[in-house]
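# Fold the following and give me the result.
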Amino acid sequence: MPTLAAADVSGFVVRAGFLHDTPYFALGGGEVVFLAGTQIRAAAHRGGLLAADERPDGSALVTGGDDGRVAEVRPDGSVAVLSERPRKWIDLVACGPSGAVAFASGRTAFVRLSDGKEKEFAHARAVGGLAFAPKGLRLAVARYEGVTLWWVNTQGAPQQLDWPGAHHAVTFSPDGKYVVTTMQETALHGWRLSDGQDMRMTGYPAKVKSVSWSVKGKYLATSGANAAIVWPFFGKTGPMGQAPLQLGARSDSLVTAVACHPKEDVAVVGYQDGMIILCRFSDNAEVLMRRPGKAPVSSLAWDRHGLRLAFGTEDGEAGVIALE
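I've put the predicted structure just below:
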């Protein structure tokens, strides 16, 4: 049976996860809490913490806040300010290869390179989401009416992927073949990069706020319905013409967070009432990981071994669930 160890945190959990084997909880109040034997609290921001992303090597967490700071937080509690935009809100951050960090405020996206130099990428409308490609220093910027793809180290014109509507979070498939966005409307939109082919994924009763790629990128799990909607991305046409899996269906609560396992075709599903279950893709078998709590699950993440799960909710319930 799974065992749960609660964490002593408070407020909205913006992101829960692991840096190597150390659990962390990035909190809306500006702190990052690490569970390293004892709790280590790092004051990342003077105001609210709005966004967080992990370095690809697991060495640190990069955060953005309403104090205009981009901060790097390490498990020992040390905090370094990477960049600062006074009187701006940094509500989007993304970590990329070679030490690159992207962040955004308003209509401008910035990339800070490992040597400290920064590059600006201006857009006609507000930036909705950021993501680095799995290979090469390429940045996807979600925006109104589509996505712009920038090669960070070149001066050439960016690639434009257009589709009507407001696009928010953006993600590359692990193999780099697809780009997918969540939208202001209750839908996803995707593009196959080889030829720009559009992919529409609709039918959600609520906005999609959480997405997670399965191991090897065969599936994309999403929130926004009364089950985790899991789109197949194998074959030449991706999800087009294929019905999605529906995992952990419930009639009384919407899915608010999803996280695919790093080694197996299973996913954890968090709900509006705080419940968390583990679902297997092949037969939809379920294991209860956490009973309903006081608030919606806001973040879920596996450790690198797939043996522990960090979770957080909108009102500060948080902890680590171990499968062993």
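
# From residue 297, how far out is residue 148?
Distance check for residue 148 against residue 297: by Cβ to Cβ, to the nearest Å, it reads 32 Å. In short, each C-beta sits where N, CA and C put it, glycine included.

# So for these two, which residue has more residues nearby?
Neighbours were counted for residue 148 and for residue 297 using other Cβ atoms under 10 Å; residue 297 has more, 31 against 20.

# Quick check: pLDDT value at the residue lying closest to that one once chain neighbours are set aside.
Counting by Cβ to Cβ, 6 or more residues apart in numbering, residue 297 lies nearest to residue 270, which is 2.8 Å off, once chain neighbours are set aside. If you check residue 270, the pLDDT there is 98.

# okay, stretch 169-183 in CSV with CA atoms only?
The C-alpha trace of stretch 169-183 is given here as CSV (Å, rounded to 0.1, in the frame of the first residue of the first chain):
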residue,chain,number,x,y,z
ALA,A,169,0.8,26.7,-21.9
VAL,A,170,2.9,25.1,-24.6
THR,A,171,4.8,21.9,-24.7
PHE,A,172,7.1,19.9,-27.1
SER,A,173,6.7,16.2,-27.4
PRO,A,174,9.8,14.4,-26.1
ASP,A,175,10.9,13.5,-29.6
GLY,A,176,10.5,17.1,-30.8
LYS,A,177,8.0,16.2,-33.5
TYR,A,178,4.9,18.0,-32.1
VAL,A,179,4.1,21.2,-30.4
VAL,A,180,0.9,21.3,-28.3
THR,A,181,-0.8,24.3,-26.6
THR,A,182,-3.6,24.6,-24.1
MET,A,183,-6.2,27.2,-25.1
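
# pLDDT (mean, whole number) over it?
On average, stretch 169-183 scores 97.

# Check stretch 88-107 too.
Stretch 88-107 comes out at a mean pLDDT of 96.

# Ends of it, what's the gap?
End-to-end distance for stretch 88-107, by Cα to Cα, to the nearest Å: 12 Å.

# Please apply the same query to stretch 12-30.
Stretch 12-30 has its terminal residues 10 Å apart, counting by Cα to Cα.

# What of stretch 49-59?
Using Cα to Cα, the end-to-end distance of stretch 49-59 comes to 19 Å.

# in the stretch 51-200 of the chain, which spans are strands?
Using DSSP state E, counting those that start in this stretch, the strands of the stretch 51-200 of the chain run over 61-65, 69-73, 79-84, 92-95, 101-105, 108-112, 118-122, 129-132, 138-151, 159-172, 178-183, 188-192, 197-201.

# Tell me which of those lies nearest to residue 256.
When those are compared by Cβ to Cβ, strand 178-183 sits nearest residue 256, at 13.2 Å.

# where does this structure dip in pLDDT?
For the chain, no stretch is flagged by pLDDT under 70.

# make it 80
Within the chain, the segments meeting pLDDT under 80 span 1, 235-237, 324.

# Quick one: the helices in it, in order.
For the chain, helices defined by DSSP state H do not occur.

# My guess is residue 108 contacts residue 125. True?
No: counting by Cβ atoms under 8 Å, residue 125 is not a contact partner of residue 108; they are 11.1 Å apart.

# Which of the two has more residues huddled nearby?
Counted by other Cβ under 10 Å, residue 108 and residue 125 do not tie: residue 108 has more neighbours, with 16 against 11.

# Pipe the strands of the stretch 51-200 of the chain into TSV and attach distance to residue 287 per row.
Output for these, formatted as TSV (distance: least, Cβ to Cβ, whole Å):
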stretch	distance to residue 287
strand 61-65	29
strand 69-73	32
strand 79-84	37
strand 92-95	31
strand 101-105	36
strand 108-112	40
strand 118-122	44
strand 129-132	31
strand 138-151	34
strand 159-172	26
strand 178-183	27
strand 188-192	27
strand 197-201	27
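
# Tell me which of the ones you listed sits nearest to residue 1.
So among the strands of the stretch 51-200 of the chain, strand 61-65 is nearest, using Cβ to Cβ, at 30.3 Å.

# Residues in contact with the closest one: which ones?
Under the contact criterion Cβ atoms under 8 Å, 6 or more residues apart in numbering, strand 61-65 has outside partners 15, 17, 19, 24, 26, 30, 32, 44-55, 70-74, 82, 89-93, 95, 101, 103.

# among the residues you listed, which ones are buried?
15, 17, 19, 24, 26, 30, 32, 44-45, 48-55, 70-74, 82, 89-93, 95, 101, 103 (16 or more other Cβ atoms under 10 Å).
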